[in-house]
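Trainee: I would like the atomic coordinates for the input below:
(chains A and B)
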Amino acid sequence: MSVDLSVNVGGLRLSNPLIAASGCFGYGVEYADLVNLSTLGGVAVKGLFLDERDGHPPTRIVETPSGMLNAIGLQGIGVRRFVAEKLPALRAHGAIVIVNICGSTVDEYAEVARVLDDADGVAALEVNISCPNIKKGGMMFGCSLQGTHDVVAAVRRVTRLPVVPKLTPNVADIASFASAARDAGADAVSLVNTFLAMVIDVETRRPRLSNVVGGLSGPAIRPIAVRMVHECRQAVDLPIIGMGGIMTAEDVLEFIIAGATAVQVGTANFVDPFIWDKLLSGITDYLQCHGLATVSDLVGTLDTTERDTAWSSS
Amino acid sequence: MPVDVDAIVVSNTPLSSDYNVLALAAPTIASQAQPGQFVMIRPVAGDTPLLRRPFSVFELLRDSARRVTGLSLLNKQIGVTTRMLFGLKAGDRVRCLGPLGRPFSVPEPAEQAWMVAGGVGLAPFATLAAALRRRDIETSLFYGGRTGSDLFHLDEFRQLGVSLALATDDGSRGDHGNVTVPLKRALNETDRTAPVRVYACGPTPMMRAVTALAASYGRQTEVSLEQVMGCGLGGCYSCVVPVRRDGRPQNFVRSCLDGPVFDGSTVVWNLLG
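Mentor: A predicted model of the protein is given here:
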């Protein structure tokens, strides 16, 4: 039985639910020799401001139990250079390009969105209101309901592209932020970005990262991310792109059952750049075994009814 | 084109209580590898360690017909991955992705090559020495370690026709002190018009000192930097090196793609982390 892996995430049409996560896949072109980019559901490229940024000095990552901390600081080439230098190659490789957009001000988000709206070959905008590693912008907006609303509304006004705010888990009630994003005109939300965290070298008593704090990702955060996808699904009628520590097809399925229409894979791509085919075949096998014709049929099918444990012989 | 393989351990040869040489069957990677390139290693299963770690290709393994069959790693027990590699046995497997990164440049035969190694920084120089000697380039190895028993592979370098200059922290072999002691002597004794290319790999302060010392004699140094890496493929921007380039005082460039070999004079050493 053939299965249909295609999904529609608030107007963003993907041939399958697997997206390379922003910040974990460069500008996509770095991987073009290793992976057929057109076989991915989508490629979320590294976050872009209007101008180039240096990011933080090394050390920028440190491994933690079943995870890693990063504080890259959104080093980037700026949106105009991206459009001129990277986008044509991504188009040529047939990639579905989701651009992660950043700003230090609400106006900067809108200006970056405007540049991309005019460009050829952008499928959606992921609005980064959740980066934990920069002084101005990012999580500063994503930790305030008003800030979330203001940024999303400003981007919404200037683009016809699907608008997908990326939410931070560093809040008390993430569903209220999904709700604010929807009210501001978002087509979907993606969650979660990384958890603000810290590692100290006890010999030197110095932080292991130059930025002192960083964002925790990897399998260590997955159960929390699944719970947050579940909460958003329960509270808000808005498509969800789920992410957080996905390493296997089973992990993808957990997010989909919790309510995600598509997922992003980040840290696992560092561990295994050839992970995509393995995840896709695992999802396909599962759908076939469970008699499901489309992956969309699985979205949000979490069963929380009381389990009947009575034994019956019939 | 880099490939990712489950490489079978052919042999694990302990060199001391914390150094070993791990020989891996990986013909596709090894046959493409150039001196200075690296591989990314992790266990075949499990989440600990999660991320791969970069290792220089130490030697190329060949069969009796001289065909390349694999590669070896010079390993020193420091952290979780290196402890795992120290304990592997023949027949075990490790995940190995490569070859990656930009190799050393190989000069014209008229030029001399001086390789300067500190500790486990010897790793990239076995294949470089072989490539240099194949081109009949006069090659020297300046090699420093804590103590005489921490200096390895000396006979193999001699067999290639490489001149050796050794230094140890405790003075048990070669010069007493840093590897810069014999290097400085050689710089003083060599005609300044004779072309010499310097290569360095070792602890960051050593590479910085070698670059500065060589530069004071008008010599350029290629350094092989060992940055913390997330992916090895340009995806994560973790392994950046601050360099002076394109008229800018400081560019963070990815060591995995633009390195790990850099012109030492372009590195902004105080920001290297």
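Trainee: would you map the helices across the stretch 1-150 of chain A?
Mentor: A:79-81, A:87-92, A:106-117, A:139-142, A:145-158 (DSSP state H, counting those that start in this stretch).
Trainee: buried ones in the last one, by neighbour count?
Mentor: Applying a neighbour-count criterion of 16 or more other C-beta atoms under 10 Å in any protein chain shown, the buried positions in helix A:145-158 are A:145, A:147-156, A:158. Backbone N, C-alpha and C define where each C-beta goes, glycine included.
Trainee: same thing with the second one?
Mentor: Neighbour counts over helix A:87-92 (16+ other C-beta under 10 Å) mark A:87, A:90 as buried.
Trainee: also the shortest one?
Mentor: Of the residues in helix A:79-81, A:Val79 count as buried by neighbour count, 16+ other C-beta under 10 Å.
Trainee: tell me which helix or strand in the chain has the weakest average pLDDT.
Mentor: Reading this off chain A. Sorting the helices and strands of chain A by mean pLDDT, DSSP states H and E puts helix A:139-142 at the bottom, at a mean of 85.
Trainee: actually, chain B is the one I wanted.
Mentor: Bottom-ranked secondary element of chain B by mean pLDDT, DSSP H and E: strand B:248-254, a mean of 86.
Trainee: element containing A:Gly242?
Mentor: Element membership for A:Gly242, per DSSP states H and E: strand A:240-243.
Trainee: and the following helix or strand past that strand, average pLDDT?
Mentor: Counting by DSSP H and E, the next helix or strand C-terminal to strand A:240-243 is helix A:249-258. Helix A:249-258 comes out with an average pLDDT of 98.
Trainee: need the longest strand for the chain.
Mentor: No chain specified, so I'll use chain A. Identified as the longest strand of chain A according to DSSP state E is strand A:42-48.
Trainee: sorry, should have said chain B
Mentor: Chain B, longest strand under DSSP E: strand B:3-14.
Trainee: just the residues contacting that one, thanks.
Mentor: A:272-274, B:20-26, B:28-29, B:44, B:61, B:70, B:86, B:88-98 (C-beta atoms under 8 Å, 6 or more residues apart in numbering or on different chains).
Trainee: picking up where we left off before, would JSON lines of the buried residues of helix A:145-158 with distance to B:Met229 and pLDDT be doable?
Mentor: Output for the buried residues of helix A:145-158, formatted as JSON lines (distance: C-beta to C-beta, whole Å; pLDDT from 0 to 100):
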{"residue": "A:Leu145", "distance to B:Met229": "38", "pLDDT": "95"}
{"residue": "A:Gly147", "distance to B:Met229": "34", "pLDDT": "94"}
{"residue": "A:Thr148", "distance to B:Met229": "34", "pLDDT": "96"}
{"residue": "A:His149", "distance to B:Met229": "39", "pLDDT": "96"}
{"residue": "A:Asp150", "distance to B:Met229": "38", "pLDDT": "95"}
{"residue": "A:Val151", "distance to B:Met229": "33", "pLDDT": "96"}
{"residue": "A:Val152", "distance to B:Met229": "35", "pLDDT": "97"}
{"residue": "A:Ala153", "distance to B:Met229": "40", "pLDDT": "97"}
{"residue": "A:Ala154", "distance to B:Met229": "37", "pLDDT": "97"}
{"residue": "A:Val155", "distance to B:Met229": "34", "pLDDT": "98"}
{"residue": "A:Arg156", "distance to B:Met229": "39", "pLDDT": "98"}
{"residue": "A:Val158", "distance to B:Met229": "38", "pLDDT": "97"}
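Trainee: the least confident helix or strand of chain B pairs with which strands, parallel or anti?
Mentor: Here strand B:248-254 is paired, per DSSP bridges, with strand B:240-245 (antiparallel).
Trainee: residues of chain A that sit close to chain B?
Mentor: A:23-26, A:30-31, A:33-34, A:46, A:54-55, A:57-63, A:65-68, A:70, A:72, A:75, A:210, A:218-219, A:247, A:267, A:269-274 (C-beta under 8 Å from any C-beta of the partner chain).
Trainee: so which of the residues you listed sit within strands?
Mentor: Using DSSP E, these in strands are A:46, A:61-63, A:67-68, A:70.
Trainee: quick one: is the longest helix anywhere in chain B near chain A?
Mentor: Taking DSSP state H as the criterion, chain B has its longest helix at helix B:204-216. No - legend: contact between helix B:204-216 and chain A by C-beta under 8 Å from any C-beta is lacking; minimum distance shown is 10.7 Å.
Trainee: any idea how far that helix is from the chain center?
Mentor: The chain centroid and the centroid of helix B:204-216 are separated by 16 Å under C-alpha atoms, centre = their mean, to the nearest Å.
Trainee: now do that helix: which elements does it pack against?
Mentor: Applying 3 or more C-beta pairs under 8 Å, 6 or more residues apart in numbering or on different chains; DSSP states H and E, we find helix B:204-216 packed against strand B:112-118, helix B:180-189, strand B:196-201, strand B:221-224.
Trainee: the nearest residue to B:Leu151 once chain neighbours are set aside: neighbouring residues, count only.
Mentor: Computed as C-beta to C-beta, 6 or more residues apart in numbering or on different chains, the closest residue to B:Leu151 that is not its neighbour in sequence is B:Gly145, at 4.9 Å. The number of residues packed near B:Gly145 is 27, by other C-beta atoms under 10 Å in any protein chain shown.
Trainee: near chain A, which residues of chain B? Just list them.
Mentor: Checking chain B against chain A by C-beta under 8 Å from any C-beta, the hits are B:1-2, B:4, B:42, B:47-52, B:97, B:227-228, B:230-231, B:233-242, B:250-252, B:257, B:271-273.
Trainee: let's see it at 7 Å
Mentor: B:1-2, B:4, B:42, B:47, B:49-52, B:227-228, B:230-231, B:233-238, B:240, B:242, B:250, B:252, B:271-273 (C-beta under 7 Å from any C-beta of the partner chain).
Trainee: now stretch A:40-58 - C-alpha only, PDB.
Mentor: Extracted in PDB, the C-alpha atoms of stretch A:40-58 (Å, rounded to 0.1, in the frame of the first residue of the first chain):
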ATOM      1  CA  LEU A  40      13.100  17.000   2.200                       C
ATOM      2  CA  GLY A  41       9.700  18.400   3.100                       C
ATOM      3  CA  GLY A  42      11.400  21.800   3.600                       C
ATOM      4  CA  VAL A  43      14.600  23.500   4.500                       C
ATOM      5  CA  ALA A  44      14.400  26.200   7.200                       C
ATOM      6  CA  VAL A  45      17.500  28.300   6.700                       C
ATOM      7  CA  LYS A  46      19.600  30.000   9.300                       C
ATOM      8  CA  GLY A  47      18.000  33.100  10.900                       C
ATOM      9  CA  LEU A  48      18.500  36.300   8.900                       C
ATOM     10  CA  PHE A  49      18.500  39.900  10.000                       C
ATOM     11  CA  LEU A  50      18.600  42.800   7.600                       C
ATOM     12  CA  ASP A  51      22.400  43.100   7.900                       C
ATOM     13  CA  GLU A  52      25.300  40.800   8.400                       C
ATOM     14  CA  ARG A  53      26.100  39.700  12.000                       C
ATOM     15  CA  ASP A  54      29.200  38.300  13.500                       C
ATOM     16  CA  GLY A  55      27.600  36.200  16.200                       C
ATOM     17  CA  HIS A  56      29.400  35.300  19.500                       C
ATOM     18  CA  PRO A  57      33.100  34.400  19.800                       C
ATOM     19  CA  PRO A  58      33.900  30.700  20.400                       C
END
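Trainee: what distance separates it from the centre of its chain?
Mentor: Distance of stretch A:40-58 from the chain centroid (C-alpha atoms, centre = their mean) equals 13 Å.
Trainee: bridge partners for B:Arg168, pull those for me.
Mentor: Residue B:168: Thr, not Arg. B:Gly145, B:His176.
Trainee: was I right about it contacting B:Thr147?
Mentor: Yes - using C-beta atoms under 7 Å, B:Thr168 makes contact with B:Thr147 at a distance of 5.4 Å.
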